[in-house]
Structures are given as C-alpha cells and as structure tokens.
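*Asks:* Quick one, structure for this:
(one chain, ligands or ions: 1)
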Amino acid sequence: MEQKIITISYESFSGIDMLSDVDRQLCLKAEEALNTSYAPYSHFRVGTAIQLKGDQIVLGSNQENVAYPSGLCAERVALFAIGAANPSAVIERMAITAKADHFQVEQPVTSCGACLQVMAEFEKKQQQEIEVLFYCIGGEIMKVRGIRSLLPFVFVESRLEG
Ligand code: THU
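*Replies:* Sure, this is the predicted structure:
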C-alpha cells in the first residue's frame with residue numbers, strides 16, 4: 001500500500017474590496033443574478049455570473065421545481081445556456097454567490113459535484129482553465145484557478161470521445 005497525497009490550492013480574500021476590478025464586478029453581477037432565482041422550496045437562492053472571452057457576461061440562478069430533482073443549480077443553468085447559445089464560447093471566469101431567506105450565509109458557498117463536473121467539461125472543450133470565485137456577501141471570497149483544484153478526481157474517459 002502506498003499513501004498518496006493531493007494538494008489543492010485556492011486564494012482567500014477577506015472582502016470584495018480586496019479583489020481586482022474584474023473579479024469584483026463579476027461578483028457583483030452574481031449578486032444581481034440572485035434576483036432571478038426561483039427557490040420556493042429551499043428558500044436558498046444561488047446566483048452566478050460567467051465572463052466569456054470578449055467580455056460578455058452571462059447570468060444564471062437556481063431554478064427549482066415541485067418535482068425536486070427536476071430543478072437545476074445556478075451554475076448549470078448558466079453553463080448550459082452558454083453551450084446552447086454559443087458552443088464555441090470560451091469561459092474565462094465565473095463568480096457564484098448565495099443568499100438564504102431564513103439564515104445568514106456566513107461562508108462562501110462552493111458548487112456541488114455535478115456542477116463541477118460540468119465546469120470540467122467546459123475546460124476540456126475549450127482547453128483553457130476557468131477561474132472560479134465563491135463570493136460570500138459581506139465575507140470571504142475564495143478564488144480557484146482551474147476545476148482540478150475543486151474536483152481532483154473528476155471523471156475522465158477519453159475512449160468515450162470521438
Ligand atoms: N444550488 C445551486 O444552485 N448550486 C450549487 O452548486 C448547489 C446548490 C441550489 C440548488 C437548490 O435550488 C438550492 O441550491 C438548495 O440546494
């Protein structure tokens with residue numbers, strides 16, 4: 001038996017004022033996207049803003065359904081909208097934030113595994129890493145460069161391609 005260790009890294013910022021202009025603007029756009037969240041079941045709103053090469057920004061928010069699994073996370077709402085509207089788009093960075101109706105969100109909300117797998121697919125398709133900002137409103141911001149740092153054991157199988 002051999003014990004193996006994987007190291008991942010991220011940057012931590014104590015507040016939105018510590019970010020570059022580009023990152024701060026994207027976080028504020030993610031906050032704006034909270035307005036379109038449809039979350040009557042969880043009362044947990046998630047917003048994302050995705051910046052494409054060429055500076056276009058696409059917003060997304062979680063969309064729930066009374067048949068619970070039919071709903072979709074904010075990240076995949078925006079990512080699939082980009083894939084459907086512009087298959088050759090290149091994603092440079094994305095910001096994600098959340099707000100709960102019944103409690104205070106005190107830490108950055110990190111994306112679920114399914115959303116990370118979808119982000120990884122975009123990275124593979126565009127052959128360029130995506131920067132991800134997890135923005136806690138009034139709190140910490142985590143910045144990750146590349147989905148591998150979030151999902152080190154991402155599913156890959158090259159024989160399923162082509
Ligand atoms: N949610 C997201 O939008 N993104 C994630 O990465 C995790 C969870 C949403 C799904 C559901 O509408 C609500 O948050 C509570 O799970």
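*Asks:* Can you name the residues of the chain sitting close to the ligand?
*Replies:* Selection of the chain residues close to the ligand by CB under 6 Å from any ligand atom yields 39, 42, 44, 46, 62, 64, 71, 73-75, 111-112, 115. Every C-beta, even on glycine, is put in place using the N, C-alpha and C of the backbone.
*Asks:* residues near residue 102, how many?
*Replies:* 7 (other CB atoms under 10 Å).
*Asks:* returning to that earlier point: if we only consider the residues of the chain next to the ligand, which is nearest to residue 89?
*Replies:* residue 75 (15.2 Å; CB to CB).
*Asks:* for the closest one, what are its contacts?
*Replies:* 46, 48, 60, 94, 96, 111, 115, 118-119 (CB atoms under 8 Å, 6 or more residues apart in numbering).
*Asks:* which residue ranges form the helices in the chain?
*Replies:* Using DSSP state H, the helices of the chain run over 21-33, 74-85, 113-126.
*Asks:* could you redo those as CSV and give each row mean pLDDT?
*Replies:* Listed next are the helices of the chain as CSV, based on pLDDT from 0 to 100:
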stretch, mean pLDDT
helix 21-33, 98
helix 74-85, 98
helix 113-126, 98
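*Asks:* Would you mind saying which of these lies nearest residue 1?
*Replies:* helix 113-126 (26.6 Å).
*Asks:* Adding distance to residue 144, write the helices of the chain out as CSV.
*Replies:* CSV is the format used below for these (distance: least, CB to CB, whole Å):
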stretch, distance to residue 144
helix 21-33, 12
helix 74-85, 13
helix 113-126, 10
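*Asks:* Quick one: closest of the ones you listed to residue 55.
*Replies:* helix 21-33 (9.2 Å).
*Asks:* distance between that closest one and the chain's centre?
*Replies:* For helix 21-33, the gap between its own C-alpha mean and the chain's C-alpha mean amounts to 12 Å (CA atoms, centre = their mean, to the nearest Å).
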